[in-house]
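Participant: turn this into a model:
(one chain, ligands or ions: 1)
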Amino acid sequence: MTTREQAQAWDRDDALASHRALFDLPPGLIYLDGNSLGALPRATPERVSQVVRGEWGQGLIRSWNKAGWVDLPRRVGDKIARLVGAGAGELVVADSTSVNVFKTLHAALAIARQDRPGRRLIVSERDNFPTDLYIADSLAREQGCTLLLVDAVEQLGPLLDDGEVAVLMLTHVNYRTGRMHDMAELNRRAHAQGTLVLWDLAHSAGAVPLDLHRDDADFAVGCGYKYLNGGPGAPAFVWVHPRHAGRCTQPLSGWFGHAAPFQFTPTYTPAPGVGRYLCGTPAVLGMAALECGVDTLLAAGDMQALRAKSLALTQLFIELVDQRCAGHGLALVTPRTVHLRGSQVCLSHPTDAYAIMQALIARGVIGDFRAPDILRFGFTPLYTRFVDVWDAVDRLEQVLSSGAAREAVT
Ligand SMILES: Cc1ncc(COP(=O)(O)O)c(C=O)c1O
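Facilitator: Residues are numbered from 1 along each chain as shown. The predicted structure follows:
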């Protein structure tokens, strides 16, 4: 069994260990929830203060040009593009993930129906993140389409083969199970039947290596406040493959998506490419904070190195839970198979999941609970240490064997 000393030795040998110093983490706390809200980069408070006091306070309206505010959606977008295997000028930062799902799904449907008139089906997974399903459901109703949900991607084969699916909408790493899909293979199978694919990268961007071009995706959206460390409510991003980007307009045709917003013409002319997926005025403070978060990832240089450490962390967690927490009713929900795993590990407990997580939080280990029975632990390789994993499982075992979870609810 791995000892605490062994875990500390791995931290000493870890080439990414120094990146932890880029974050302002509360001393003594083990933070395993970066998959929900990333930690605060040390650079962010000063940068945001500079934007507020200097660029806003002193520069005032001049800062739209002088401080480059107007370019922020594309500038930060180009940085995120490097993390997801997209080209410069193909990705913009805008709105929330939910809104970007709406814009891209609407556009994907329009393109699918131009190319293959008569297709009316949107397909997704039943356990996709609810906001994606809510948006798809309302859009389907509005467009006279049908949203069909499968219980697992393994059921997609016959559905796609029928040649009636307009758009397949999937989340790459499932929020509740941590299972990761094979993006290249699913795109290939969908495209073989003329189906377009929209990916939600909320739990992948900044967590696992992505290559949207190599894997031949059509549309992708993602979240700024999880592994990109952009802060609460950070703006999200949207990528559209260049073969689709200029083909149709998205429905929220606001002035920032106009080809010439400052000509104030009464009619809408969409910007070329992905620029038309912008809508209103960029959230400057949020984008400034997001840029600091994205820079922490770019400083690590290589998503492959982050992936190797992430897998080592999740593997250690799974092994220690197997060894030390057996017999207490916990079950592993996340796949053991490495290529099916994102950067989080989820456990289930039939009765006490909520209480166990509360007891863990009271002992300085922050993960989260997802109803009805899931304990979620996110491992952010930029700042999570091997010793954190060891200590977290040590405290989990204490909680389970002492009955502390039961006491917390009685
Ligand atoms: C997979 C996924 N998509 C979308 C969202 C929500 O995005 P937003 O609330 O920023 O629109 C989340 C939030 O956790 C998520 O996990």
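
Participant: switch to C-alpha atoms for all contacts and neighbour counts from now on
Facilitator: Noted.

Participant: now for the residue nearest to G28 when sequence neighbours are not counted: which residues touch it?
Facilitator: For G28, ignoring the flanking residues on the chain, the nearest one in space by C-alpha to C-alpha, 6 or more residues apart in numbering is G364 at 7.2 Å. Counting by C-alpha atoms under 8 Å, 6 or more residues apart in numbering, G364 makes contact with 28-30.

Participant: likewise A81?
Facilitator: Taking C-alpha under 8 Å, 6+ apart as the criterion, A81 is in contact with 87-88, 90-91.

Participant: packing partners of the strand or helix carrying A184?
Facilitator: Secondary structure assigned from DSSP states H and E places A184 in helix 183-192. Counting contacts by 3 or more C-alpha pairs under 8 Å, 6 or more residues apart in numbering; DSSP states H and E, helix 183-192 packs against helix 156-161, strand 196-200.

Participant: what's the closest of these to L37?
Facilitator: strand 196-200 (16.7 Å; C-alpha to C-alpha).

Participant: partners of the next helix or strand after that closest one, with directions?
Facilitator: The helix or strand immediately downstream of strand 196-200 is strand 219-222, counting by DSSP H and E. The pairing partners recorded for strand 219-222 under DSSP bridges are strand 196-200 (parallel), strand 236-240 (antiparallel).

Participant: a strand runs through L375, doesn't it?
Facilitator: Yes: according to DSSP: H, G, I helix; E, B strand; the rest coil, L375 belongs to a strand.

Participant: got a list of what it touches?
Facilitator: Residues near L375 by C-alpha under 8 Å, 6+ apart: 346-349, 353-354, 357, 367-369.

Participant: cool, Q304 as well?
Facilitator: Residues counted as contacts of Q304 (C-alpha under 8 Å, 6+ apart) are 208-209.

Participant: for T44, see how far away it is.
Facilitator: Using C-alpha to C-alpha, to the nearest Å, we find Q304 at a distance of 25 Å from T44.

Participant: what number of residues lie near S402?
Facilitator: 11 (other C-alpha atoms under 10 Å).

Participant: now do the same for it: its pLDDT.
Facilitator: Per-residue confidence (pLDDT) for S402: 92.

Participant: what separates it from N35, distance-wise?
Facilitator: 28 Å.

Participant: how about S348?
Facilitator: 17 Å.

Participant: so between these two, which is more surrounded?
Facilitator: Set S348 next to N35 and count neighbours by other C-alpha under 10 Å: N35 wins out with 26 against 23.

Participant: that one against R376, yeah?
Facilitator: No: at 9.1 Å, N35 does not count as touching R376 under the criterion of C-alpha atoms under 8 Å.

Participant: overlap in contacts, these two.
Facilitator: Q344.

Participant: phi, psi for A260 please.
Facilitator: Main-chain torsions, A260, degrees, to the nearest 10: phi -140, psi 80.

Participant: can you verify my assumption that it contacts A271?
Facilitator: Yes: between A260 and A271 there is a contact at 7.3 Å, judged by C-alpha under 8 Å.

Participant: distance-wise, check the residue most central in space within the chain relative to the ligand.
Facilitator: With distances taken as C-alpha atoms, centre = their mean, A202 lies nearest the centre of the chain, 1.7 Å away. Separation of A202 from the ligand (C-alpha to the nearest ligand atom, to the nearest Å): 5 Å.
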